[in-house]
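Student: Sequence first, then the predicted structure:
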Amino acid sequence: MKLHVNLGENSYDIVIEKGLLKKASEEIREVYSGKRIAVISDDSVYGFYGGELLNQLKSTWECSTVILPHGETSKSINVLPGVYAKLLESGLSRSDLIVALGGGVIGDLAGFVAATYLRGVPFIQIPTSLLAQVDSSVGGKVAVDLKEGKNLVGSFYQPKKVLIDPDVLATLPQRYIHDGMGEVIKYGCIKDASLFATLKEAGTFERLAEKMTEVITRCVDIKRGVVEEDQFDTGERMLLNFGHTLAHAIEQKFAYGRESHGEAVAIGMYQITRISEEQGLTKEGTAEEIRKILASYGLPVSCGVNLGELKEAMKRDKKNYKNSLRLILLEEIGKSRIHPSDLSFFKDSQMA
């Protein structure tokens, strides 16, 4: 399956196919004819797939690697100088290519490196986690974290191509499957009641697995359409942030060491829907529908923290604009909207 993201001169293809990693060099050759490739990956993913990918690439290009420790701590602004130094040492020029091989952390960091190294070099995404395949590898949002919060330094920088191989999900630990399902469920909540129904009917990832290529394709197609309408996240694209205002605050609260991103998004989706339902802004029963489906896919719905403890982080949320917090709320499953509000939406005594 091939989807085309139509962004004028920044257009690119997303290829979704089982076994695609085995012919990655063929796909890369279609969009790149330069001399050198630098592969940025982490020590976990590279151990599974790095050798095979590098063997393919070396038959055509001079190759180098930057291998980082796995985990969110690698997506830090403090990591950047070391990465830039390794790229300079390898002789990577503006006419060369960066390949991001990994999950959301590597994709975000490698994309930001590509956007800023020598004022910009082309890059290709090869996402290896479910979360990255359905969400973060598509759309050109690239960023690193500050100690004050997540994704606070970033840019919009589109890849030249995205290569998605559902077969690589077989090596993911179960927690990272659950992590990705948080974002999959999000797409059903905000844009596609039929996708939500499919997920609900399957009930577990094991039962959903045979439909995974189709599910990934549907999520990516939703995001493709949203990005084409709103490349720079000023309107419609903000709907993709459903659950993320609370999620990012939770992640920061626990220094990115407790809940994973998908788990935090799950908590955020349920909690904000519960609150909006209490305020009469969401159809009654919607929060319970979300709670049930999250539980069936092994995702949490609470983190045991007073919302008042999360407000400081929410003040720095990128959706906080001119003291107005643009929250993403559901009218019902499959229908979402931007709701201008402020931090008073969240009562200090309420538990998340």
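Tutor: Yep, it's here.
Student: what residues go with each domain of the chain?
Tutor: As assigned by automatic domain parsing, the chain contains the domains 2-171, 174-345.
Student: and the first one, how far apart are its ends?
Tutor: Between the opening and closing residues of domain 2-171 there is a gap of 24 Å (CA to CA, to the nearest Å).
Student: go on, the longest one?
Tutor: Across domain 174-345, the terminal residues are separated by 35 Å (CA to CA).
Student: Contact partners for Val15?
Tutor: Counting by CB atoms under 8 Å, 6 or more residues apart in numbering, Val15 touches 1-2, 27, 161-164. Placement of C-beta: from N, CA and C, glycine included.
Student: Report the secondary structure state of it.
Tutor: Classification of Val15 using DSSP: H, G, I helix; E, B strand; the rest coil returns strand.
Student: Pull the contacting residues for Ile106.
Tutor: 40-42, 45, 68, 74, 100.
Student: Most neighbours among these, please name it.
Tutor: Ala100 (29 neighbours; other CB atoms under 10 Å).
Student: which ones are touching that one?
Tutor: When contacts are counted by CB under 8 Å, 6+ apart, Ala100 touches 40-41, 106-107, 109-111, 114, 123-127, 137, 159.
Student: what's the burial count for the residue nearest to it when sequence neighbours are not counted?
Tutor: Residue nearest to Ala100 in three dimensions, not counting chain neighbours: Ala110, with 3.5 Å by CB to CB, 6 or more residues apart in numbering. Neighbours of Ala110 under the rule other CB under 10 Å: 29.
Student: The contacts of Ile106 in helices, which ones?
Tutor: Using DSSP state H, the subset of these located in helices is Val45.
Student: Turn the contacts of Ile106 into a markdown table, including distance to Asp221 and pLDDT.
Tutor: Converted to a markdown table, those look like this (distance: CB to CB, whole Å; pLDDT from 0 to 100):
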| residue | distance to Asp221 | pLDDT |
| --- | --- | --- |
| Ile40 | 27 | 98 |
| Ser41 | 27 | 98 |
| Asp42 | 28 | 97 |
| Val45 | 25 | 96 |
| Leu68 | 31 | 97 |
| Ser74 | 30 | 94 |
| Ala100 | 21 | 98 |
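Student: how about the contacts of Ile106, which pair is most distant?
Tutor: Longest distance between any two of those is 12.4 Å, between Ser74 and Ala100; criterion CB to CB.
Student: Quick check: neighbours shared by those two?
Tutor: Common contacts of Ser74 and Ala100 (CB under 8 Å, 6+ apart): 106, 109.
Student: any idea how far Val66 lies from Thr217?
Tutor: Val66 is 30 Å from Thr217, where distance means CB to CB, to the nearest Å.
Student: Provide a list of residues in contact with Val66.
Tutor: 38-41, 83, 86-87.
Student: One more pass at 6 Å, please.
Tutor: Shown in contact with Val66 (CB atoms under 6 Å, 6 or more residues apart in numbering): 40, 83, 86.
Student: Ok, Thr171 next?
Tutor: Contact analysis of Thr171 by CB under 6 Å, 6+ apart lists Phe48.
Student: now do Ala24
Tutor: Taking CB under 6 Å, 6+ apart as the contact definition, Ala24 lies against 53, 56, 163.
Student: Repeat that for Gly50.
Tutor: Shown in contact with Gly50 (CB under 6 Å, 6+ apart): Ser41.
Student: out of the contacts of Ala24, who's nearest Glu206?
Tutor: Nearest member of the contacts of Ala24 to Glu206, counting by CB to CB, is Leu163, at 25.6 Å.
Student: show me where the stretch 51-200 of the chain has strands.
Tutor: In the stretch 51-200 of the chain, the strands defined using DSSP state E, counting those that start in this stretch lie at 62-68, 97-102, 123-127, 141-146, 149-156, 161-164.
Student: For Cys189, find the nearest of the ones you listed.
Tutor: Among those, strand 141-146 comes nearest to Cys189, with 19.6 Å by CB to CB.
Student: Low-confidence bits of this structure, can you list those?
Tutor: Residue ranges of the chain with pLDDT under 70: 317-323, 349.
Student: would you list every one of the helices in it?
Tutor: Counting by DSSP H, the helices of the chain are 24-29, 43-45, 51-58, 80-90, 104-116, 130-131, 174-191, 193-202, 205-208, 212-229, 244-253, 261-278, 286-296, 311-315.
Student: mind listing what the closest residue to Phe346 other than its chain neighbours touches?
Tutor: Excluding the flanking residues, the one nearest Phe346 by CB to CB, 6+ apart is Leu307, at 4.3 Å. With CB under 6 Å, 6+ apart as the criterion, the residues that contact Leu307 are 346, 350, 352.
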